[in-house]
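Colleague: 3D model of this:
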Amino acid sequence: MKTTRTTVLIGLLLLFHYTAKAQWGDPDGGTLNSNKADEIVWETMQMNMGEVKHQQPKTAIFKFTNKGGKPVIITAAKGSCGCTKIDYSKKPVLPGKSSDVKVVFDAEDLGVFNKTVTLTMNIEKSTQILKLKGVVVK
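Modeller: Okay, the predicted model is just below:
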């Protein structure tokens with residue numbers, strides 16, 4: 001009886017281990033646990049949108065690559081005003097893979113603007129701030 005319980009317990013542990021690897025592992029053979037520090041690299045964290053027509057939405061795309069050793073997840077995104085709409089993948093970005101954050105700016109006021117998008121991520125430097133600037137014209 002004790003041997004059967006032990007065998008079942010070992011079988012369940014192995015099943016859990018391989019299920020977790022299948023869910024989070026890199027299909028290209030990467031590993032989840034490495035000694036690499038958390039690191040994401042942005043193509044740019046500041047975007048000059050130039051002239052933006054009044055009340056005509058314009059999109060900025062911020063791309064990043066996960067250069068660290070574990071999956072990166074964006075857990076929250078908040079714009080500095082209601083004039084920004086933010087879209088990003090809710091799925092983990094595996095090591096070596098890339099993703100992007102799309103920000104749609106819909107200008108309500110004329111003139112110079114400086115807006116920010118604050119991202120919260122599951123890495124050591126968990127707060128990332130993206131910046132948009134430009135001029136709203138008629």
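Colleague: could you give the bridge partners of the most centrally placed residue in the chain?
Modeller: Residue closest to the average C-alpha location in the chain (C-alpha atoms, centre = their mean): residue 74, at 3.9 Å. Residue 74 has these beta-bridge partners by DSSP bridges: residue 121.
Colleague: domains in the protein, by residue range?
Modeller: 1-30, 40-137 (automatic domain parsing).
Colleague: can you list contacts of stretch 131-138?
Modeller: 45-54, 60, 84, 103, 105, 107, 109-117 (C-beta atoms under 8 Å, 6 or more residues apart in numbering). All C-beta spots, glycine's among them, are computed from the backbone N, C-alpha and C.
Colleague: residues touching the spatially closest residue to residue 126 that is not a sequence neighbour, list them.
Modeller: Distances taken as C-beta to C-beta, 6 or more residues apart in numbering place residue 120 nearest to residue 126, at 5.7 Å, with adjacent residues excluded. Shown in contact with residue 120 (C-beta under 8 Å, 6+ apart): 74, 75, 76, 77, 126, 127.
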